[in-house]
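> Fold the following and give me the result.
(2 chains)
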Amino acid sequence: MGVDRRGFLKIAGISALLGLGGKTAIDFLAPGDLEASMDAVPLTEGNRWAMVIDMQKMDEEMMDKCIEACHSEHNVPDLGNPKDEVKWLFKEEYEHTFPGQKHDYIGDEVKHKNFLLLCNHCSNPPCCRVCPTKATWQRKDGVVMMDQHRCIGCRFCMAACPFGARSFNWGDPRKAPKELNPDFPTNQDYPTREKGVVEKCTFCAERIAKGQLPACVEAANEIKENVLTFGDLADPDSGVRAILRKHYTIRRKPELGTEPNIFYIV
Amino acid sequence: MYDGGKIIIGLIVGVGLLLSPFIYDAGKAAKAPDPELTAKAKEAKECVAETSYMKSSHMHLLDEWRHTVVRDGERYYKAKNGKVYYKSLQTTCLDCHSNKSKFCDQCHDYVGIDPYCWTCHIEPKENK
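Numbers count the residues shown, from 1 in each chain, chains lettered A, B, ... in the order given. Prediction:
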């Protein structure tokens, strides 16, 4: 981020001093200014956001529409190279989605089917446990959030995530090939990322706060309702809970104990 | 003192060289630039806080906003006059102050600081 080691140490030292006296200083110099911002409008309530994906109703075209909606909303570039791919919402075949459930006699239809994958927003997220700067952490409503301002690009979280839901920016996303991204950045109201930070799906935290559904769910609903269902697991009357009661669902790699919150009807 | 003359001449030349930039620039201090307001900003009359506070402490306010939005999920700011703003550099601040080069950059250049907001946040398109 344009700060060399010496600059960083200076900032760290000064920040430590400010941390000791910062709020007092602001209270003294500009009384009341901090209080104003603390009295804010409440965000949309939820205690454990989750999603159910009905793969019986989902087809390739719908998945592509969802991915396109997500990636254009969040300025996710197409780098045209699987090694550098930035993944928020992505597809993977059965064997890689549910490796523990694979056997030789699965019907071809399921075996070669693509599944829609995203960050599982686990209840017990290993990525958050390993992050040395708390650039990724779990919010009270269950969203595993990213703070791009704090990420130092160590990639511990990528090593910790068993679902491959995190991607590193090996280069500046704004330098992504023009022929693949003709009007990048596609959403002028959302930032891009920069070289050297990790990114992933944030469950559309910015949309939830406004009371909107995540972009992928909205895109899916335009084609067919109840294929992607987003809701609060902690609320027994929510839509996701109703579907989970009615249908048998599986999660990715539950044996690892991360408690994923994305459920699949297969 | 051995070679006293050479040392003294060397010192004079050295100090002269050291001071030359100051002597060269003496009396030519660049005028502090005045941030230019867009028509929209003029019409609004008031920013999210008093002008004096914004002039001296906008960076603290932005830092506070960044922290509360990303870390605490508090995305709205209630100003002292009761008006509620969506806390966003890119879509709220720069909606009024869409003339980034005249409003932000010329002062930042003058005081020699280079905030790295724009490596991720998207700059407004300006008609320069």
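> How much space separates the residue sitting nearest the centre point of chain B from residue B:101?
With distances taken as Cα atoms, centre = their mean, residue B:108 lies nearest the centre of chain B, 3.2 Å away. Shown here: residue B:108 relative to residue B:101, a distance of 10 Å by Cβ to Cβ, to the nearest Å. The way it works is simple: take the backbone N, C-alpha and C, and place the C-beta from them, glycine included.
> anything in contact with each of these two?
The contact sets of residue B:108 and residue B:101 do not overlap (Cβ atoms under 8 Å, 6 or more residues apart in numbering or on different chains).
> Give the helix, strand or coil label for the most centrally placed residue in chain A.
Central residue of chain A (Cα atoms, centre = their mean): residue A:201, 1.9 Å from the mean position. Following DSSP: H, G, I helix; E, B strand; the rest coil, residue A:201 is assigned to coil.
> shouldn't the residue nearest to the centre of chain B be in contact with residue B:116?
No - look at residue B:108 against residue B:116 with Cβ atoms under 8 Å: they stay out of range, at 11.3 Å.
> ok so, going back, for the residue nearest to the centre of chain A, grab phi and psi.
Main-chain dihedrals, residue A:201, degrees, to the nearest 10: phi -60, psi 140.
> which ones are touching it?
By Cβ under 8 Å, 6+ apart, residue A:201 lies in contact with A:70, A:88-89, A:118-119, A:165.
> now it: how far from residue A:213?
Counting by Cβ to Cβ - residue A:201 and residue A:213 are separated by 14 Å.
> Just give me the neighbour total for residue A:210.
12 (other Cβ atoms under 10 Å in any protein chain shown).
> so how far is chain B from it?
8 Å (Cβ to the nearest Cβ, to the nearest Å).
> start to end distance for stretch A:80-88?
15 Å (Cα to Cα, to the nearest Å).
> What residues sit buried inside it?
By 16 or more other Cβ atoms under 10 Å in any protein chain shown, the buried positions in stretch A:80-88 come out as A:86-88.
> Helix or strand: which one has residue A:50?
Assigned by DSSP states H and E, residue A:50 belongs to strand A:49-54.
> Show me what from chain B comes close to chain A.
Residues of chain B found near chain A (Cβ under 8 Å from any Cβ of the partner chain) are B:49, B:53, B:57, B:60-61, B:64-66, B:68, B:70-71, B:73-80, B:84, B:87-88, B:90-91, B:114, B:116, B:119-122.
> can we see that at 7 Å?
Residues of chain B lying close to chain A by Cβ under 7 Å from any Cβ of the partner chain are B:49, B:53, B:57, B:60, B:64, B:66, B:68, B:70-71, B:73-80, B:84, B:90-91, B:116, B:119-122.
> Filter those down to the buried ones, ChimeraX style.
A single ChimeraX command is used to select the members of the residues of chain B next to chain A judged buried by 16+ other Cβ under 10 Å:
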select /B:49,53,57,60,64,66,68,70,73,74,75,76,77,78,90,119,120,121,122
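> List the ones among the residues of chain B next to chain A that fall in strands.
B:76-78, B:84 (DSSP state E).
> a markdown table for those, including distance to residue A:227?
Output for those, formatted as a markdown table (distance: Cβ to Cβ, whole Å):
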| residue | distance to residue A:227 |
| --- | --- |
| B:76 | 32 |
| B:77 | 37 |
| B:78 | 39 |
| B:84 | 35 |
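> quick one: which of those is nearest to residue A:126?
Checking those against residue A:126 by Cβ to Cβ gives residue B:76 as the nearest, at 32.7 Å.
> wait, the closest one sits on residue B:86?
Yes - contact criterion Cβ atoms under 7 Å: residue B:76 and residue B:86 qualify, at 6.2 Å.
> Flag the shaky bits of chain B, pLDDT-wise.
In the predicted model of chain B, residues B:127-128 satisfy pLDDT under 70.
> got the residue ranges for the helices in it?
In chain B, the helices defined using DSSP state H lie at B:4-25, B:39-44, B:51-72, B:94-96, B:100, B:106-110.
> Identify whichever of the ones you listed lies nearest to residue A:252.
Nearest to residue A:252, of all the helices of chain B, is helix B:51-72, at 27.0 Å by Cβ to Cβ.
> helices or strands next to that closest one in the packing?
With contacts defined as 3 or more Cβ pairs under 7 Å, 6 or more residues apart in numbering or on different chains; DSSP states H and E, helix B:51-72 has these neighbours: helix A:33-38.
> taking the mean pLDDT, what do you get for the helix it packs on?
For helix A:33-38, the mean pLDDT works out to 46.
> Also stretch A:257-266?
When pLDDT is averaged along stretch A:257-266, the result is 96.
> so how far is the first residue of it from its last?
Terminal residues of stretch A:257-266 are spaced 21 Å apart (Cα to Cα).
> Show me where the stretch 51-200 of chain A has its strands.
Along the stretch 51-200 of chain A, counting by DSSP state E, counting those that start in this stretch, strands occupy A:90-93, A:114-117, A:136-138, A:144-146, A:167-168, A:198-199.
> In space, what's closest to residue B:65 - neighbours in sequence excluded?
Counting by Cβ to Cβ, 6 or more residues apart in numbering or on different chains, residue B:65 lies nearest to residue B:87, which is 4.4 Å off, once chain neighbours are set aside.
> show me the contacts for the one you found.
Residues near residue B:87 by Cβ atoms under 7 Å, 6 or more residues apart in numbering or on different chains: B:65, B:69, B:75-77.
> That's all I had, so thanks and see you.
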